[in-house]
Every structure is written in C-alpha cells, then in structure tokens.
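Asks: The following block contains a protein sequence and its predicted model.
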Amino acid sequence: MGRPPLSPAEATRERILDTAEEMFLRIGYAKTTVADIAQALGMSSANVYRFFASKSAINDAVCRRLMARMEAEMRAVAAGPGSAAARLEALILSTHRRNRDLLTQERRVHDMVDAAIAESWEAVEAHKQACNAIFAGLVREGIAAGEFSPVADPELMGETVGSACCSLFHPTLIAQCARPDAGPPDETPARRLVWLVLEALRNRDRRPMP
C-alpha cells in the first residue's frame, strides 16, 4: 500500500524543506536565510512563515529529516540476520561509519548537527531516544535468547550503550579522534569499545529466559 498523496499544504511544506536542505548542504545552514529559501521557491518570506514559525523551526525540521534517515538505516541493520550480539556489533560500527562519513566529510552537515547538539535542538533529543530504543530492542532480544544477562534492564542498557558509544557517534568527537594522515580510518578503537559493551552484556550462564 503506497503512501497517501500529500495535501497542498503538506506538499508546500515538503518543498520548503527540500529547498532548505539543498541550500544547507550547498552554502551552509547558518548562511541560509528564510528570504533565500523563499526566493529559491518563488514565494514571499511571509508565505514560508505560514508553514514554519521561524528559521529555527526549519533548522529543526531539516535535522529531523536527516536523523530519520539515519534511524531507518539503523533499524534495517538491527533487523538483519545473526545473533543479537552480532547485530548490536554491526549496528554500532555501521552507525559509527555513517556518522564518520556524513558528519565529518560533509562539513556543512557536520556544522548543522554539531550546532544542533550544542544548542539541544528538539530533533537531537528525539534522535537520541530513537537510537536508545533501537539498542534496547536488541538487548531485549539478546536476553530472551540467553546471549545477554537476564539481570540487565533493556531500556536502561539501551541508554547505557548509547552513552558508552558517544565517542563513536558524536561528530565533534569523531573529528577530533580522526587520524591526521590521509590513510584509511582505523576502526581498532571502535572495535575495542564494542567488545567491552558486549562483554558487559554477556550472559555467562548462557541460559535463555523461561
């Protein structure tokens, strides 16, 4: 079943976000004004403000789009084949690579996300909660299969996994830890951290939940 057609108002809102996102990537979110977006769309700034109360609202909506795409990729990895431990490892490493490539190589994306984190945009908090829920789902599956300790609380452990792997996900920390030379990225530190997370979760009795 396909997505229902957008209403005229929804279609206009999406056009504004499409244009804003393209301009953010091309010239940077800080340099893009509402007037720039309106001019590119052939409409007045007042018309843009009918759909978004402020430039900050546009920033947040574009950021939510970006985060939603990341979350969809994360859910696809989490739903893949293999044990819960193997999928959690793949999820952490793939998210690290995605953030490393998108948020450090695409400088203008990095600037927007870095500002969103520093300024506590609502989109960032929603993204954190979504990521923690994905981690928690895998912890829950691992407990049910006997892979992870049954004493672990899935929701708390999901949040803990996200916090423990912050250095692998945060754009500024990724950039600061990047190798100064032009060689390929060294994932050894990331793999060590993933090993530590999995060891902390591991069920040493290997007994599935009754």
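Replies: Yep, it's here. Residues are numbered from 1 along each chain as shown.
Asks: Give me the distance between stretch 18-29 and the centre of its chain.
Replies: 19 Å (Cα atoms, centre = their mean, to the nearest Å).
Asks: which parts of that stretch are buried?
Replies: Across stretch 18-29, burial judged by 16 or more other Cβ atoms under 10 Å covers 19-21, 23-25, 29. To be clear about C-beta, it is placed using only N, CA and C from the backbone, and glycine gets the same treatment.
Asks: now swap in stretch 57-77 and tell me
Replies: Those would be 58-67, 70-71, 74, 77, for stretch 57-77 by 16+ other Cβ under 10 Å.
Asks: what does the average pLDDT come to for that stretch?
Replies: Average pLDDT, stretch 57-77: 93.
Asks: ok, residues contacting that stretch?
Replies: 16-17, 20-21, 24, 29, 34, 37, 48, 52, 87, 90-91, 94-95, 98-99, 109, 112-113, 116, 121-124, 126-127, 130-131, 134 (Cβ atoms under 8 Å, 6 or more residues apart in numbering).
Asks: Could you rerun that using 7 Å?
Replies: Stretch 57-77 has contacts (Cβ atoms under 7 Å, 6 or more residues apart in numbering) with 17, 20-21, 24, 29, 52, 87, 90-91, 94-95, 98, 112, 116, 121-123, 127, 130-131, 134.
Asks: how about TSV for the buried residues of stretch 57-77, with secondary structure and distance to V139 added?
Replies: As requested, the buried residues of stretch 57-77 are exported to TSV (DSSP: H, G, I helix; E, B strand; the rest coil; distance: Cβ to Cβ, whole Å):
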residue	secondary structure	distance to V139
I58	helix	36
N59	helix	33
D60	helix	29
A61	helix	31
V62	helix	31
C63	helix	27
R64	helix	25
R65	helix	28
L66	helix	26
M67	helix	21
M70	helix	20
E71	helix	17
M74	helix	14
V77	helix	15
